[in-house]
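# just coords:
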């Protein structure tokens, strides 16, 4: 039986960073991965494929910014999902090869098979052709999540699907109902709408993405509607079923999907994407053998050091819940390895950036207006519209916007929120400014390359300071 200092179960975003960090500390590490390929959901079914699909859609439509117009849509009417996904596969393969290379160069042992605890320090790995039992002083559970599939929803992999099946569709439906206005539902709804699919997004709450700044979200919802998407807010789906397509309906298989709402409305479309919640992939992991248990959503509870109730077992990534982003999972993995092996490390929980890869994309870091108001912190906001920035004009993006939140007294930057082309890149300037306690005057006095989107920071700072001076 082989012995390791650390066994990581799952090679997704969190698992890979935990393994590599431990290896860098000179520890003997193995990674257990149930798939034949490494990368977990992040590389194979989630983050990378969905973002690659987004880029393929933007390239195919010829629309690199904002909301596509009628001329853009005409270019993609004949496209199908295999065509779009073929252009993504090169990116996915490159990521898989890159990760394998990192494992090899750091001496990390990869064991393919389904891992199951026999006790708190022993993991049995059962593969397709072999089985092995390993012992480890420490374990990191990084198994991620799978799309939630309620028993009362008749999933069929063709017409009523989850985000996993969406990437495997043979043809693009003419119309799609998306149930769930979280990150996944909103991202895919905006992609589908951008290529001419008649898309209806249903969300039970009064707004989408409740962690996003309300002004930024209002801008997104406005432009989503302008792009042809129908938003059904404050509506709850009570029944989903497949029906025979009415006479005259243009469908590929003679089947349509019907969604009945609590309000009594009935919606129909060629297909339905169910995107409400995800379930921790802990089934079959044998948690009870290690003295652990998951909640009713398959999630594992951890402390601030990502340590479970069993001291030598840690958990990171989507399996521990919010924020469940690839970027935060990576950092959790790195930190968990540092904590378990006594390596000093610094964490910046208040400076985690959020990126939502909708069309247009949304990003934020720091405080929101709602939180500042609730905490009684005096602030002012400064706005910069892409249409008043030369780079924005050059790119043809007249809907983008960057908002800076400034403390009324110290003028320190408290938060930055952006929507538009390159928002997820642009936000890191604000992240660094907040980390180093920069003031709005810093951006006023900084010279930016011209023309660049970074100039938004100077314009937003001037706008905010002018408000504070009542100019």
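Noted; the coordinates are in hand. If you're wondering where the values come from, they're calculated on a predicted model, not measured in any experiment. Residues are numbered from 1 along each chain as shown.
# what sits against residue 35?
Residues near residue 35 by C-beta atoms under 8 Å, 6 or more residues apart in numbering: 11, 44, 112. (Glycine included, C-beta is placed from N, CA and C.)
# Would you mind giving both backbone torsions of the closest residue to the last one other than its chain neighbours?
Leaving aside its chain neighbours, residue 112 sits nearest to residue 127 (5.2 Å; criterion: C-beta to C-beta, 6 or more residues apart in numbering). When quoted as degrees, to the nearest 10, the phi and psi of residue 127 stand at phi -100, psi -180.
# How is this protein divided into domains?
By the assignment in automatic domain parsing, the chain contains the domains 2-146+279-349, 160-276, 361-468.
# Figure out which of those is closest to residue 152.
domain 160-276 (7.9 Å; C-beta to C-beta).
# ends of that closest one, how far apart?
13 Å (C-alpha to C-alpha, to the nearest Å).
# Now do it, average pLDDT.
When pLDDT is averaged along domain 160-276, the result is 90.
# got it, and stretch 84-96?
Mean per-residue pLDDT for stretch 84-96: 82.
# residues making contact with it?
Contact partners of stretch 84-96, identified using C-beta under 8 Å, 6+ apart, comprise 37-39, 43-44, 48-49, 52-53, 55-57, 59-60, 167.
# I'd like to know which elements the helix or strand containing residue 200 is packed against.
In the assignment (DSSP states H and E), residue 200 maps to strand 198-203. The contact analysis (3 or more C-beta pairs under 8 Å, 6 or more residues apart in numbering; DSSP states H and E) places strand 198-203 against strand 175-179, helix 183-194, strand 230-233, strand 266-269.
# what packs against the second one?
Using 3+ C-beta pairs under 8 Å, 6+ apart as the contact criterion, the neighbours of helix 183-194 among helices and strands are helix 47-61, helix 163-166, strand 175-179, strand 198-203, helix 214-226, strand 271-274, strand 354-356.
# any idea of the angle whatever helix or strand residue 365 lives in forms with helix 183-194?
Counting by DSSP H and E, the element that carries residue 365 is strand 362-366. Following axes from the mean of the first three to the mean of the last three C-alpha atoms, to 10 degrees, one obtains 150 degrees for the angle between strand 362-366 and helix 183-194.
# Please name every helix or strand in contact with strand 362-366.
Under the contact rule (3+ C-beta pairs under 8 Å, 6+ apart), strand 362-366 is packed against helix 214-226, strand 354-356, strand 413-419, helix 423-435.
# Please tabulate these in a markdown table and include mean neighbour count and distance to residue 188 as additional columns.
Below are the helices and strands packed on strand 362-366 laid out as a markdown table (neighbours: other C-beta atoms under 10 Å; distance: least, C-beta to C-beta, whole Å):
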| stretch | mean neighbour count | distance to residue 188 |
| --- | --- | --- |
| helix 214-226 | 18 | 12 |
| strand 354-356 | 22 | 12 |
| strand 413-419 | 27 | 18 |
| helix 423-435 | 20 | 17 |
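# Of all those, which one comes closest to residue 465?
Within those, the stretch nearest residue 465 is strand 413-419; the backing value is 11.7 Å (C-beta to C-beta).
# Averaged pLDDT, the closest one. What do you get?
Mean predicted lDDT for strand 413-419 stands at 98.
# That one: how far from the chain's middle?
Its chain's C-alpha centre and that of strand 413-419 lie 19 Å apart, by C-alpha atoms, centre = their mean, to the nearest Å.
# Which strands or helices does it pack on?
For strand 413-419, the packing partners by 3+ C-beta pairs under 8 Å, 6+ apart are helix 214-226, strand 362-366, helix 369-375, strand 401-407, helix 423-435.
# what's the spacing between the first one and its chain's center?
It stands for helix 214-226. 19 Å.
# Check the shortest one too.
In terms of C-alpha atoms, centre = their mean, the centre of strand 362-366 is found 13 Å from the chain centre.
# tilt between that strand and helix 423-435?
10 degrees.
# Out of the contacts of residue 35, who's the most crowded?
Greatest neighbour count in the contacts of residue 35, by other C-beta atoms under 10 Å, goes to residue 11: 31 neighbours.
# Can you verify that residue is assigned to a helix?
No. With DSSP: H, G, I helix; E, B strand; the rest coil as the criterion, residue 11 is located in coil rather than a helix.
# outside of the helix or strand containing residue 467, which residues touch it?
Taking DSSP H and E as the definition, residue 467 sits inside helix 455-468. With C-beta under 8 Å, 6+ apart as the test, helix 455-468 has contacts from 380-384, 386, 388-391, 402-404, 406, 408, 411, 418, 426, 429-430, 433, 440-444, 446, 448.
# so residue 262 makes contact with residue 232?
No. Counting by C-beta atoms under 8 Å, residue 262 stays clear of residue 232, with 11.1 Å between them.
# Look at the two and report which has more neighbours.
residue 232 (21 against 12).
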